[in-house]
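Can you look at this prediction? I've put the sequence above it.
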Amino acid sequence: MLRVAILDDHPAVLAGLRRLIEAEHDMEVVAAAATPAELAKQMDGIRVNVLVLDYDLAAADGLSYCQRVKSRPHPPRIVIYSADATPALTLAARAAQADGVIAKADPIPLLLASIRRVVQGHAVMPPLRHEAYEALIARIDDEDLPILAMLLDGESLDAIAATLRIDRTEVGWRAQRIVGRLRRRIRMASDEPAAETAGVGAGGSRSPR
C-alpha cells in the first residue's frame, strides 16, 4: 500500500485529492494539510512514499519546502501539483529535487499514474523545449551549471558534493540559489499571456541537461 501525504492550501483541492487517492486500491492518504506545520503534526513520524505538494502555497514556498524535505534522510518522492506547469517551474522543481510535476488542469488519472511511477524511480516531468531550457539556464551562474546538471540527473546533494569535491553545505546553498533564480522566472511567466507558455504537455521525459 502506497502511503501518500498531501500539502495544498485550497480546501476543495485538498478534500478532492484525498477522496480520489483513497479510492485507489493501492494507496492510502496518511496526512492531508494546508500548511507544513499541520502536515508534520498529522504525520507524527509516519514515513510516506509520496508527497503531493502544491507549488503556490499562501503560507510557505513549495519549492523551498521540497528542498528541505529532500535534504532529510530517506525522503519521500515528491510530485509538485501546480496550476501553472510552466517550463520555469519544471526546471526549478527538478533543481529542487522533485520527482514529478503535474498540472492541476491535467486529468486525475495522470496524477495517480505519476504517483505510482515516481515510487518506481521514474521522473515524471513535462517535456521542456530546448530553446526554453537554454533561455532559463542563461539566468544561472556558470559556476552553478555543473550542480544544476547533476540535480537534473537526480543526484543527491551528498553525491554532488563528493563528485565536485566541495562541501555539502555549499552545495546546498548553491542549489537554493539556483532554485531562487528559476523561481523569479516562474513569477515572470505567470504574468505573461497564456499563449506564450502553451504547448507544454505532461509526459514522462526527463529535462535535458
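That came through, no problem.

for P75, what are its contacts?
V69 (C-beta atoms under 8 Å, 6 or more residues apart in numbering). Heads up, the C-betas are built off the backbone N, CA and C, glycines and all.

quick one: low-confidence ranges for the protein?
189-209 (pLDDT under 70).

What segments of it are strands?
Counting by DSSP state E, the chain has strands at residues 2-7, 27-33, 50-54, 77-82, 100-103.

Can you pull up the most central residue in the protein?
A98 (3.4 Å; C-alpha atoms, centre = their mean).

Could you check how far it is from V79?
7 Å (C-beta to C-beta, to the nearest Å).

anything in contact with each of these two?
With C-beta under 8 Å, 6+ apart, A98 and V79 have common neighbours L53.

on that earlier part again, nearest approach to R18 belongs to which of the strands of the chain?
strand 27-33 (4.7 Å; C-beta to C-beta).

What residues sit buried inside that closest one?
Using 16 or more other C-beta atoms under 10 Å as the test for burial, strand 27-33 gives M27, V29, V30, A31, A32, A33.

do stretch 99-117 as well
Quick answer for stretch 99-117 (16+ other C-beta under 10 Å): D99, G100, V101, I102, A103, K104, L111, L112, S114, I115, R116, R117.

for stretch 43-61, same thing?
Applying 16+ other C-beta under 10 Å to stretch 43-61 flags 43, 48-57, 60-61 as buried.

Same check on stretch 174-186?
R174, A175, Q176, I178, V179, R181, L182, R183, R185, I186.

thinking again about what came up before, closest to V124 out of the buried residues of stretch 43-61?
Once C-beta to C-beta is applied, the member of the buried residues of stretch 43-61 that ends up nearest V124 is V50, at 11.0 Å.

In the chain, spot the helix with the most residues.
helix 168-190 (DSSP state H).

which strands and helices sit next to that one?
helix 62-70, helix 87-95, helix 145-152, helix 157-164 (3 or more C-beta pairs under 8 Å, 6 or more residues apart in numbering; DSSP states H and E).

Put together CSV for those, with distance to E22 and mean neighbour count on each row.
Listed next are the helices and strands packed on helix 168-190 as CSV, based on distance: least, C-beta to C-beta, whole Å; neighbours: other C-beta atoms under 10 Å:
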stretch, distance to E22, mean neighbour count
helix 62-70, 22, 21
helix 87-95, 25, 27
helix 145-152, 33, 19
helix 157-164, 33, 16
